[in-house]
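Peer 1: show me how the following folds:
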Amino acid sequence: MRFLKLNKNKKWVSMTPLIDVVFLLLIFFMLTTNFVNQRGILLQIPSKTGVKSTWQDAILIRPDKDGTVRINAQKIQTAQLDNQLKPLLAASTNKKIIVQPYRNVELQTLVSVLDKVRNSGAVEISLLK
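Peer 2: A predicted model of the protein is given here:
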């Protein structure tokens, strides 16, 4: 009598390491995911009609790279800035100054202008790009 010989050498791939890796990835992504909603800041922007900026009457100072400064379109030397600025600030009601340097102004020039503006008695100074 002939019996069929069963092939007992079948190779099986174990699924246990694959399941372990999948669970490790699942745990990793669960721990690193941020489910908190980011809060935003609610801004109330005023309408353009009837609103006057508090910086509207400010004095505009624009230092240039050649050592000159423009005060409200009047060109003067940096050394004369103190003498020209004190009467303007005395006549101003809000004593606010906007400093807006021209391109390629050296940092030392800008710092010296800001020092002179601060020493002249300005209440608020705004530096614009």
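Peer 1: could you list the low-pLDDT ranges of this protein?
Peer 2: 1-8, 10, 38, 40-53 (pLDDT under 70).
Peer 1: A helix includes residue 122, no?
Peer 2: No - assignment of residue 122 by DSSP: H, G, I helix; E, B strand; the rest coil gives coil, placing it outside any helix.
Peer 1: which residue is the nearest non-sequential neighbour of it?
Peer 2: residue 97 (4.5 Å; Cβ to Cβ, 6 or more residues apart in numbering). For every residue, glycine as well, the C-beta is placed using N, CA and C.
Peer 1: and that neighbour, how far from residue 21?
Peer 2: Residue 97 sits 65 Å away from residue 21, going by Cβ to Cβ, to the nearest Å.
Peer 1: show me which of these two is the more surrounded one.
Peer 2: Set side by side, residue 97 and residue 21 show more neighbours around residue 97, with 26 against 10, by other Cβ atoms under 10 Å.
Peer 1: now the strand or helix carrying the more buried one, how far from the chain's geometric center?
Peer 2: Secondary structure assignment for residue 97, by DSSP states H and E: strand 96-99. Relative to its chain's centre, strand 96-99 lies at 20 Å (Cα atoms, centre = their mean, to the nearest Å).
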